[in-house]
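Peer 1: Got a predicted model here, sequence first, then my questions.
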Amino acid sequence: MKAVIQRVTEAKAEVDGETVGQIQKGLLVYVSVGKGDSDKDVQFVADKLVNLRIFPDQQDKMNLSVKDVGGAILLVSNFTLHGNCQKGRRPGFDAAADPQIAENLYEDLINLIRQSGINVQTGIFAAHMHISSINDGPVTFILESTS
């Protein structure tokens, strides 16, 4: 799995002009499932998203997690993270998982994060979405699972 993690003061996902997911302080996370990803990858990414210390403490050091600050997560599926732009001028998506497998693991990720007590909002899997956000910092990280 691959994820782009952004610390935000607000974020929103819209489909056909309708808001389907919205958060205030927290994380906007774009996530992509790759071929060969498994429950192990889901557990790794869920743990990182819940516990990654990227929010400032009282000394303005990145020392608090989204859980520590009472934040939320807007989780958006985005298979283009597995796009390969090295050859030619059109990305290849051979590394992305088949949609049904990807959707199942994406749903597992949502459920696992929710089990940790985090408010998780989402986009709609495989829909064309408009995502808006205010990045805080800016703070942006790229995460890849170990499989």
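Peer 2: Yep, it's here. A quick note: this is a predicted structure, and the numbers were derived from the prediction, not measured.

Peer 1: Show me what the host helix or strand of Glu14 is packed against.
Peer 2: Glu14 belongs to strand 2-15 when assigned by DSSP states H and E. Packed against strand 2-15, as judged by 3 or more C-beta pairs under 8 Å, 6 or more residues apart in numbering; DSSP states H and E, are the following elements: strand 18-23, strand 26-32, helix 39-51, strand 72-77, strand 130-144. Bear in mind the C-beta positions are built from the backbone N, C-alpha and C, glycine included.

Peer 1: how about 10 Å then?
Peer 2: strand 18-23, strand 26-32, helix 39-51, strand 72-77, strand 119-122, strand 130-144 (3 or more C-beta pairs under 10 Å, 6 or more residues apart in numbering; DSSP states H and E).

Peer 1: do you know which of these lies nearest Phe93?
Peer 2: strand 26-32 (9.6 Å; C-beta to C-beta).

Peer 1: re earlier: would you indicate which residues of the strand holding Glu14 are buried?
Peer 2: Burial within strand 2-15, assessed by neighbour count using 16 or more other C-beta atoms under 10 Å, is assigned to Lys2, Ala3, Val4, Ile5, Gln6, Arg7, Val8, Glu10, Ala11, Lys12, Ala13, Glu14.

Peer 1: Leu55 pairs with what?
Peer 2: Small correction: residue 55 is Phe, not Leu. In this entry, Phe55 is beta-bridged to Leu64, by DSSP bridges.

Peer 1: Share the number of residues neighbouring it, please.
Peer 2: 22 (other C-beta atoms under 10 Å).

Peer 1: try Met62
Peer 2: Neighbour count for Met62, taken as other C-beta under 10 Å: 14.

Peer 1: Then Pro91?
Peer 2: 12.

Peer 1: So which of the helices and strands packed on strand 2-15 is nearest Asp60?
Peer 2: For the helices and strands packed on strand 2-15, proximity to Asp60 was assessed by C-beta to C-beta; strand 130-144 is nearest, at 11.3 Å.

Peer 1: Would you give the sheet partners of the closest one, along with the direction of each?
Peer 2: strand 2-15 (antiparallel).
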